[in-house]
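> compute the structure for the input listed below.
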Amino acid sequence: MKAPEAQCPFSQSVLPEAAEAKSFWLSEAHDPILEAEIFLLQMGHETRIAGIERRIQMMKEEVNRTGVWNQNYEELTFGARVAWRNSIRCIGRMFWPSLKVFDARSMTRPDEIFEAILAHIRWSTNSGDLRPALTVFRPGEPRIRILNSQLILYAGYLSADGKIFGDPKNVKLTNFAMKMGWQGSGTEFDILPIIIKVGEQPPELFEIPAPDVLEVQLQHPERPEFARLGLKWFALPAVSGMALDLGGIQYSAAPSSGVYQGTEIGSINLGDPRRYAKLEKVAAILGLDMSLKNPLWRDQAMVELNRAVLHSFRQAGVRIMDHHSLSESFLKFRRREAEAGREVFGHWPWLVPPMSSNLAAHWHDPTLKRVIQKPGYFYQPAPELM
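Numbers count the residues shown, from 1 in each chain. Model (predicted):
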């Protein structure tokens, strides 16, 4: 199969079912060899690398001989970067060419996997000058899974009266870690250990050394009393529960990290009523009128909380982006992709910021299509937490 002369090999004229997935959830490749061929054709088309037809033949011979094919580092890197470019729920895709890929496919034991994860955290954190990275572990069986949805998470403690202290999102994982013997300090911001499971073996638990987790204490740019709330957040967002589907190969452990959009912390993690629900305390300490005369007090508190997040990260020298800058970068990304002859797809509810949404140009754009492409990152069912 040869790529059309004038268009990307992932076009509908080649193989729409291999180019697109029906869901954000991982599913088995219908035809792994064909997906591998399409991927290599795309790589050849975009990078102009020589010998792609020979590489396709080698891939087919390897699959016929062993049942799988081993992607080299260049293929792995190109595919991981394109998977980021294809991530229609990510607004920060302009930076996809800068993704650093660490090849940890030789790691087999949980302790080895954890050491590779630590190396990823240290490299990406970079003393606050965050760098996007992905570490890929061996595909296939026995399947490697990182039970944490992110490498760095705060614990959530469920009390006997049903109240939650800490992050409600992580109550189940926290309970599981405690059953494995982990004991937190009982604060609102206890760093959870990383839990790794390989095949049918019992999961193993590893605590991240405190110096390797960079956290930012939140302060307000004008109101010093804000600091009395004791709020903070970790610097590095690193998704670890998703799978990388690349050229017919599915990597069940491929943690990736980037840079926070400020509203992820202020509006969602700390402000959302289903998470830390801090708006009332923010309003109280800032002296906002919370009576019926001021029904927008939550909006005021949300703005001030987001201001505190951006101010604090920048004061601490930690890279972060505000939602206006990221919205502008998304427009730039779309222009660049158009110049390269590629259409940009997007899942609108995830791309619009949770604050001042209609100020983002793409809020008004009816042309964004919800098309899920491969290579890509996909949700996968979490191992059962007993």
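
> in the stretch 1-150 of the chain, where is pLDDT below threshold?
1-19 (pLDDT under 70).

> now the helices: where do they sit in it?
Applying DSSP state H, counting those that start in this stretch to the stretch 1-150 of the chain gives helices spanning 16-19, 32-47, 52-66, 73-85, 110-125.

> distance to Gly241 and mean neighbour count for these - can I get that in CSV?
For every residue, glycine as well, the C-beta is placed using N, CA and C. Converted to CSV, those look like this (distance: least, Cβ to Cβ, whole Å; neighbours: other Cβ atoms under 10 Å):
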stretch, distance to Gly241, mean neighbour count
helix 16-19, 25, 17
helix 32-47, 23, 20
helix 52-66, 28, 14
helix 73-85, 15, 21
helix 110-125, 13, 19
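
> what's the pLDDT at the residue sitting furthest away from the middle of the chain?
In the chain, Lys293 marks the outermost C-alpha relative to the chain mean, sitting 40.5 Å out by Cα atoms, centre = their mean. pLDDT for Lys293: 96.

> what of the one 4 residues further on?
Confidence per residue is given as pLDDT, and for Trp297 that number is 98.

> could you do the one 10 residues further on as well?
The predicted local distance difference test score for Arg307 is 98.

> who touches the nearest residue to it once chain neighbours are set aside in this structure?
Excluding the flanking residues, the one nearest Arg307 by Cβ to Cβ, 6 or more residues apart in numbering is Pro221, at 6.3 Å. Contacts for Pro221 were tallied using Cβ atoms under 8 Å, 6 or more residues apart in numbering; they are Arg307, Ala308, His311.

> let me know the secondary structure of the residue farthest from the centre of the chain.
coil (DSSP: H, G, I helix; E, B strand; the rest coil).

> now Ala104: closest residue in space that isn't a chain neighbour?
Nearest one to Ala104, counting by Cβ to Cβ, 6+ apart, is Ala116 at 4.1 Å.

> just to revisit the earlier point, so which of the contacts of Pro221 are in helices?
Members of the contacts of Pro221 lying in helices (criterion: DSSP state H): Arg307, Ala308, His311.

> okay if I get these as TSV plus neighbour count and distance to Asn175?
TSV is the format used below for these (neighbours: other Cβ atoms under 10 Å; distance: Cβ to Cβ, whole Å):
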residue	neighbour count	distance to Asn175
Arg307	18	35
Ala308	26	31
His311	17	35
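
> between those residues, which is closest to Asp111?
Ala308 (38.8 Å; Cβ to Cβ).

> next up, the contacts around Met290.
Met290 sits next to Glu280, Ala283, Ala284, Trp297 when contact means Cβ under 8 Å, 6+ apart.

> of these, closest to Glu37?
Among the contacts of Met290, and counting by Cβ to Cβ, the member closest to Glu37 is Glu280, at 56.5 Å.

> what is the burial count for that closest one?
14 (other Cβ atoms under 10 Å).

> in which helix or strand does it reside?
Secondary structure from DSSP states H and E places Glu280 in helix 279-285.

> got the buried residues for stretch 160-175?
Buried residues in stretch 160-175, defined by neighbour count with 16 or more other Cβ atoms under 10 Å: Ile164, Gly166, Asp167, Pro168, Lys169, Asn170, Val171, Leu173, Thr174, Asn175.

> can you map out the helices along the stretch 151-300 of the chain?
171-179, 262-263, 279-285, 297-315.

> just put the ones in helices among the contacts of Pro221 in TSV and tack on distance to Asn70.
As requested, those are exported to TSV (distance: Cβ to Cβ, whole Å):
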residue	distance to Asn70
Arg307	49
Ala308	48
His311	48
